[in-house]
Structure formats: structure tokens, C-alpha cells
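Enquirer: The following block contains a protein sequence and its predicted model.
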Amino acid sequence: MPDGANTVAVNSDAYATSLEDIDVSDIELWRTDSHWPLFERLRREDPVHYCRQSVFGPYWSITRYNDIMAVDTNHEAFSSEAELGGIAILDQRSDLRLPNFIAMDPPKHDAQRKTVSPVVSPTNLARMEPLIRERAGRILDELPRGETFDWVDRVSIELTTQMLATLFDFPFEERRKLTYWSDVTTTIPGPGMLVETDDEKLAILMECLGVFTQLWNERVNAPPQCDLISMLAHGEATRNMSPMEYLGNVGLLIVGGNDTTRNTITGSVLALNQNPDEYAKLRDRPELIPSMVSETVRWQTPLAHMRRTATRDVEIGGKTIKKGDKVIMWYVSGNRDETVIENPNAYLIDRERPRQHLSFGFGIHRCVGNRLAEMQLRVVWEEILKRFPVIEVVGEPERVASPFVKGYHSLPVRIPA
């Protein structure tokens, strides 16, 4: 949360706004990390809140933990279908609408998800762990000592992009393209953003499709392998996908494998610096790393929301949501719900139930790669603690201006010489 004098100003602003005028989707709130008091007010005063006017159109905000779970597990009344709007607050232009299994309802969702899930099976994770450990060690050993560098670029992006290249069996030397395409997929076009127009975004995504179509053609004519493109090319539920559906699933897997891990790795360094007692506790008790990882996933909430569209009139929290309405489950708010999580604004690496959070979603759409994300985070912190007593944050993070991806563009740090 914002600290010092800023907190007073931000809190007073949150209560100066009339309830009906609150719009938690305003991207400036996310760039400045000043959305917290607005969500706190909504949870207390109007936990199922209707925003009539925003740059994303009208939408409902679901802000409490149990209400979010109720929506997330009711796919019959709250649809993820791309044709109805998909999974994010931003309505996609029809030629930018990319169907993928997270933006589908059963039974098609279940069949496509099942196609790729073997890549994150316990057996495959155990097989990948030594490789992740070796790469994490190499990345950390190459970091400078006694000088400022960007943790996001040197560690968070590099580690996750190497992992993505392995999962896709993508040309390793071109792996940074995956990061770029992930960022383009989730960006909101506009002045000063990564892409300025929908047309520019579409052109870049078509370039991504071209590269992945070439890889598909190679894999479909070879025996099945344990990489994501081969699985999609040979899978019964996916081998006849349209090009845009293939692009949608590729985009989903790139974003899923990139944003969650990348922003939580950065978030962990920031959180431990903001809570030096917890950092000292971690150094003294490295066996707390798995608990610290789960607490960071909650504290960071790397995807701030998921969207659903009501398939019929439905009542929740005493409000009637109409058929066709846009419903936003604010995971970032549910993860700070005082009525469910004790002392939710505190960062506690030995929290009693650290995996009690919404960051991976619930029900049929629960993040398919959550165990892989947790394993990468655990391994990187095991390797950090072997090497560095402390990683110092030496400046303010630059945050992503988006109400969807809750992440970082940069975080200046220094490892004492």
C-alpha cells in the first residue's frame, strides 16, 4: 500500500468520491499503486458495485473473497466465452478476439485444457527442476555487485523467458520475442503505451502467428513431443483449430507462463525490502521459502482481475446483475478481504494459511501452471539465499499501467559488493 503522507491523501480521496462514481479500472490508479483504499471502501460499503461509466464501458465489481469464489465457480451463469467478451475488462475488437481455452466454457474448455496439462504434471515438473535451478544459478552469478541494475530485466524476465522457450521448444536465441508478444497481448493500446492502436497490436500478433505457424508445421509432421506446440498440433481437441484460435491459445500460454512468475519474482524482492523483519526471518529460516512464495503470490496478485459475462439475470450480494452485463472479479481485492484473511495488508512469510488466496483463480479455470510458477519462485529464492545476504531496492518500481496485469516494468536494485 502507499506509505507515509501519501496514504492520508489517497485514503481521503477514496472517501471524497461519491460511491457511484468510483471507477477502479482507471489505469492511473494502477500505475501509481493507489487503488487499495478504493477497494477497501467498496468491500465495506458496496461489495457488488456497478460502475456506469468507464473507458471500458459499464461493469460490475465483485470485491469480496467469497463473492468472487461464487462467481468463479459458477460458469453456467458467468461465462468466459470470447464471443461474449472473454476474460478481461477490455472488450476486444472482433478481429482482435482470440478464442482460447481460458476464454471458453465447458465442454470445449475442458478438452483443450487437458491437451496441454501434461507439460505441468508432477513428473514433468520434477524433470524440469534441475534445469530451472541451473539457469537460475547462472543468471544470478552473472549479476553485478555494488552497482544499480534493473531486477525485472536481468532476473525476472530472463528466468521466465528461458522457461517459456523450453516449454514451447522455441528457438532459444530468439526467446525475448516471447516476452514482447506477451506484453503486446495484454497491453491496452493508447498514447505512450507499448502499442498505440488496435491495428498496430493486430500487426504484431499476426507476426507472432506467422512464427508459431511455422513451428506448428514442423511439429505436426514429426512424432509427438512433450512441448506445448507439439501437444497442440497432435491433440485431438486442438489439432483442427482455426489460426486465430491457435494464436489465442499460444497467447494465453505465453502470458500465463510469463506474467504470473515474472511479476511475483519482482514483487518478492520489493515486498521483502518493504518488510525487512520478514527478510531477516527468511534468511534465518530458509525452510520458509515455500510459504513466502505463496504469501507473495497473494500479496502481489499478478493478474488483478478476471472478467465474466452474465448469461442470465442473476442475484449476488443483494444486487441483480442483468444478462449480458460485464462482471469483474477483482482478485486483488479479494486477496485483501479483512473478513476472510486475517491482517490481509500485512506481508507475513510464515502466515498460517499462505495458500488461501485467489491469485490462481478457482474452479475449472484455476491456473493450469500454478505449480510450475510456485516451483520456479521457490528455486530462484533457494539460489538467491545461497549467494546474497540481501538484495537492496534502491528506487521506486515502475508499474504497469493496467487494471489487468499487475506488474512492473522496472525495479532498480543493488547487491552489496
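Expert: Now that the structure is in, tell me what you want to look at. Numbers count the residues shown, from 1 in each chain.

Enquirer: From R336, how far out is L42?
Expert: Using Cβ to Cβ, to the nearest Å, we find L42 at a distance of 11 Å from R336. Bear in mind the C-beta positions are built from the backbone N, C-alpha and C, glycine included.

Enquirer: before we move on, what about T311?
Expert: Distance of T311 to R336, computed by Cβ to Cβ: 29 Å.

Enquirer: now do V413
Expert: In this structure, V413 and R336 are separated by 26 Å, where distance is defined by Cβ to Cβ.

Enquirer: N343 now?
Expert: According to Cβ to Cβ, N343 stands 10 Å off from R336.

Enquirer: E142 - how many residues pack around it?
Expert: Around E142 sit 10 other residues, with neighbours defined as other Cβ atoms under 10 Å.

Enquirer: on that earlier part again, out of N343 and R336, which sits in the more crowded spot?
Expert: R336 (23 against 9).

Enquirer: surely the more buried one meets P37?
Expert: No - if you go by Cβ atoms under 8 Å, R336 and P37 don't touch, sitting 10.7 Å apart.

Enquirer: What mean pLDDT does the strand or helix carrying R127 get?
Expert: Using DSSP states H and E, R127 sits within helix 122-141. Model confidence over helix 122-141, given as mean pLDDT, is 88.

Enquirer: Quick check: buried residues in that helix?
Expert: For helix 122-141, the neighbour count (16 or more other Cβ atoms under 10 Å) marks 125, 128, 132-133, 135-137, 139-140 as buried.

Enquirer: Nearest to R371, out of those residues: which one, please.
Expert: Comparing these against R371 with Cβ to Cβ places L125 closest, at 6.1 Å.

Enquirer: Show the contacting residues for the closest one.
Expert: Contact analysis of L125 by Cβ atoms under 8 Å, 6 or more residues apart in numbering lists 371-372, 375.

Enquirer: Please flag which of those residues sit within helices.
Expert: With helices defined by DSSP state H, the entries of the contacts of L125 inside them are 371-372, 375.

Enquirer: quick check, nearest of these to P224?
Expert: Closest approach to P224 among the ones in helices among the contacts of L125 (Cβ to Cβ): L372, at 20.4 Å.

Enquirer: just to revisit the earlier point, export the buried residues of helix 122-141 to TSV and tack on distance to A237?
Expert: As requested, those are exported to TSV (distance: Cβ to Cβ, whole Å):
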residue	distance to A237
L125	23
M128	24
I132	29
R133	33
R135	32
A136	34
G137	38
I139	36
L140	40
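
Enquirer: Show residues contacting stretch 175-194.
Expert: Residues lying outside stretch 175-194 but in contact with it, judged by Cβ under 8 Å, 6+ apart, are 27, 88, 90, 157, 160-162, 164-165, 168, 170, 195-198, 200-201, 204-205, 208, 211, 251, 254-255, 258-259, 401-402, 404-405.

Enquirer: Quick one: mean pLDDT for the stretch of helix or strand Y180 belongs to?
Expert: For Y180, the enclosing helix or strand under DSSP H and E is helix 176-186. Per-residue confidence for helix 176-186 averages out to 87 on the pLDDT scale.

Enquirer: cool, stretch 328-346 as well?
Expert: For stretch 328-346, the mean per-residue pLDDT is 97.

Enquirer: Check which residues of it are buried.
Expert: 328-337, 340-341, 344.

Enquirer: Kindly reformat these as TSV containing secondary structure.
Expert: What follows is these, written out as TSV (DSSP: H, G, I helix; E, B strand; the rest coil):
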residue	secondary structure
I328	strand
M329	strand
W330	strand
Y331	helix
V332	helix
S333	helix
G334	helix
N335	coil
R336	coil
D337	coil
V340	coil
I341	coil
P344	coil
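
Enquirer: State the distance from V250 to R41.
Expert: Spatial separation of V250 from R41 under the definition Cβ to Cβ is 39 Å.

Enquirer: neighbour count winner among the two?
Expert: Higher neighbour count among V250 and R41: V250, with 27 against 19, using other Cβ under 10 Å.

Enquirer: Toward the C-terminus, what is the element adjacent to the host helix or strand of that one?
Expert: Secondary-structure assignment from DSSP H and E places V250 in helix 243-274. Sequence-wise, the next helix or strand beyond helix 243-274 is helix 276-284, with elements assigned using DSSP H and E.

Enquirer: Which residues does that following helix contact?
Expert: The list of residues contacting helix 276-284 from outside it, by Cβ under 8 Å, 6+ apart, reads 271-273, 288-289, 292, 347-350, 381, 385, 389-390.

Enquirer: run the last query once more with 10 Å
Expert: Helix 276-284 is contacted by residues 268-269, 271-273, 275, 288-289, 291-292, 295, 346-350, 381, 384-385, 388-391 when judged by Cβ atoms under 10 Å, 6 or more residues apart in numbering.

Enquirer: Run the chain-centre distance for that helix.
Expert: Helix 276-284 has its C-alpha centroid displaced from the chain centroid by 26 Å (Cα atoms, centre = their mean, to the nearest Å).

Enquirer: got the angle for that helix vs helix 243-274?
Expert: Between helix 276-284 and helix 243-274, the angle comes out at 100 degrees (axes from the mean of the first three to the mean of the last three Cα atoms, to 10 degrees).

Enquirer: for the helix or strand following helix 276-284, what is the average pLDDT?
Expert: Sequence-wise, the next helix or strand downstream of helix 276-284 (DSSP H and E) is helix 289-300. Helix 289-300 shows a mean pLDDT of 96.

Enquirer: helices and strands around helix 289-300, which ones?
Expert: Helices and strands touching helix 289-300, as assessed by 3 or more Cβ pairs under 10 Å, 6 or more residues apart in numbering; DSSP states H and E, comprise helix 243-274, helix 276-284, helix 331-334, helix 370-387.

Enquirer: can you give me how far the first one is from the chain middle?
Expert: In terms of Cα atoms, centre = their mean, the centre of helix 243-274 is found 5 Å from the chain centre.

Enquirer: Show the average pLDDT along it.
Expert: Regarding helix 243-274, the rounded mean pLDDT is 87.

Enquirer: Return the member of the buried residues of helix 122-141 nearest to Y246.
Expert: The shortest distance between Y246 and any of the buried residues of helix 122-141, using Cβ to Cβ, involves M128 and amounts to 24.2 Å.
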